[in-house]
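[1] dropping the sequence and predicted coords here.
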Amino acid sequence: MFLPPLDGNEKNCYTVNMFDSLKITVITPTQRQIIEVPKGENLLRALGANQIFIPAPCGGRGICNKCKVRLLEGQVDVPITDGCFNACAYTIKNDITIAVDNTTQKAFHATVERGDFTIKKQKGYGVAIDIGTTSLAAYLADLESGKILDSIGELNRQGSFGADVLSRISFSKDHLPLLTHTIHTQIDGIKEMFCKKHGISAIEKTVICGNNTMLHLLCGVSPLSMGESPFTPVFTDTQYRKDYITLPSASAYIGSDIIAGVLSCGMADNPNNSLLIDIGTNGEM
C-alpha cells in the first residue's frame, strides 16, 4: 500500500501488507522515509532490507556499538545513551521515529587507464566491478576502444551485516537472500548512474571480481563451507549468470581479485621472483 507523498523530500516505502506490521519513520540527511515492517523484526535487519545501511562491523551481535540510531519519537526497551541506541539490539514492538546520521557510501577507488593488452573489440559499454569486503569499485568502459570512461567507489552495503569475511559468512547462515539482494541492488544502482550520466541506453557486459566469499554472496551461494576447516568453496570457476560474469578464483581465500591483479600487472609472464600484496580488509600476498 502506498500513500500520497508527504512532501517533496519525503518518501513512502511500505514493504509489507499485514495486520501486525508496524511503521518505522527513518530520517536521514537526505530524506524522510517510512518503512512498514513485521512486528518482532530486528531493527538493523529491517533497515538493511529497505536499503538503509548503517555501520555494523560485528554483524549485529551487539559487540561493536556502531549501529547507533537516534530515537526521536516512540519508546524502545533497550538502553539509550545520549538519545541513541543500537539498532541491532531492538526488536520492533511499536511505531517509532528514528534519525540515521551515518549513511555515507563513498569509498576510495583507484583511477585506472587502459592497460597495454589486446582487446576483443565489440560495440557498446561494459562495467568492471571489484567487490571487496569493505568497498566496491566500478569502472565504465567503452568495449570497442577499451577506454575507461568513468569510475566510482562505494562502501559495500553488506557492511551493515558484518565488517569482515567471517562475520559476513556467519550472518549468511540465516540471511543469505538479504545479502545477495543488497549487493545486486547496489550494483544495479551504479550501472543506472553510469547510464544516466553518460546517456547510455544499456550496459552490454558486466564482469565482476572479488574475494571468494563476496562472489558466493553475489551468486546467492552459501559460503558457510569457507568459514570452517577445511575451508572449501562451493566454486572457484567462472560463473556465467544472466546479468554478469565472475572471474575465477584460486581457492577459498585467494579470490579472483588477486588473480586479476597477477594477470594485469604481468607477473604471470615475469621469469623473476615477484610479490603482489593486497592490503585490504583481508590481506593477501
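    Received the coordinates, thanks.
[2] who touches residue 184 in this structure?
    residue 218 (Cβ atoms under 8 Å, 6 or more residues apart in numbering). No exception for glycine: its C-beta is placed from N, CA and C like everyone else's.
[3] quick check, it in a helix?
    Yes: counting by DSSP: H, G, I helix; E, B strand; the rest coil, residue 184 is located in a helix.
[4] roughly how far apart are it and residue 241?
    Residue 184 sits 10 Å away from residue 241, taking Cβ to Cβ, to the nearest Å as the criterion.
[5] identify the contacts common to the two.
    Shared contacts of residue 184 and residue 241, counting by Cβ under 8 Å, 6+ apart, come down to nothing at all.
[6] just list whatever residues bridge to residue 140.
    Taking DSSP bridges as the rule, residue 140 bridges to residue 127, residue 150.
[7] quick one: pLDDT of the residue lying closest to residue 190 once chain neighbours are set aside?
    In this structure, residue 190 finds its nearest non-sequential neighbour in residue 138, 4.9 Å apart by Cβ to Cβ, 6 or more residues apart in numbering. Looking at residue 138, its pLDDT reads 95.
[8] hey, where'd the helices end up in the stretch 51-200 of the chain?
    Using DSSP state H, counting those that start in this stretch, the helices found in the stretch 51-200 of the chain span residues 165-198.
[9] tell me where it has strands.
    Along the stretch 51-200 of the chain, the stretches classed as strands by DSSP state E, counting those that start in this stretch are 68-73, 84-86, 96-99, 125-131, 135-142, 148-155.
[10] pull the third one out as CSV, backbone CA atoms only.
    Right, the one you point to is strand 96-99. As requested, the backbone C-alpha atoms of strand 96-99 are provided in CSV (Å, rounded to 0.1, in the frame of the first residue of the first chain):
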residue,chain,number,x,y,z
ILE,A,96,8.9,4.7,16.3
THR,A,97,10.7,7.6,14.6
ILE,A,98,14.5,7.5,14.4
ALA,A,99,17.3,9.5,12.8
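[11] quick one on the thing from earlier: would you mind giving the strands of the stretch 51-200 of the chain as CSV with mean neighbour count and distance to residue 227 added?
    Compiled in CSV, the strands of the stretch 51-200 of the chain are given as follows (neighbours: other Cβ atoms under 10 Å; distance: least, Cβ to Cβ, whole Å):
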stretch, mean neighbour count, distance to residue 227
strand 68-73, 17, 28
strand 84-86, 21, 24
strand 96-99, 19, 32
strand 125-131, 21, 18
strand 135-142, 22, 22
strand 148-155, 17, 23
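[12] minimum distance to residue 201: which of these has it?
    Among the strands of the stretch 51-200 of the chain, strand 125-131 comes nearest to residue 201, with 9.2 Å by Cβ to Cβ.
[13] give me the distance between the residue nearest to residue 74 when sequence neighbours are not counted and residue 69.
    Among residues not flanking residue 74 along the chain, residue 96 sits closest, at 3.3 Å (Cβ to Cβ, 6+ apart). Taken as Cβ to Cβ, the spacing of residue 96 relative to residue 69 amounts to 9 Å.
[14] distance check, residue 67 against residue 144.
    Here the distance between residue 67 and residue 144 works out to 45 Å (Cβ to Cβ).
[15] thank you kindly, that will do.
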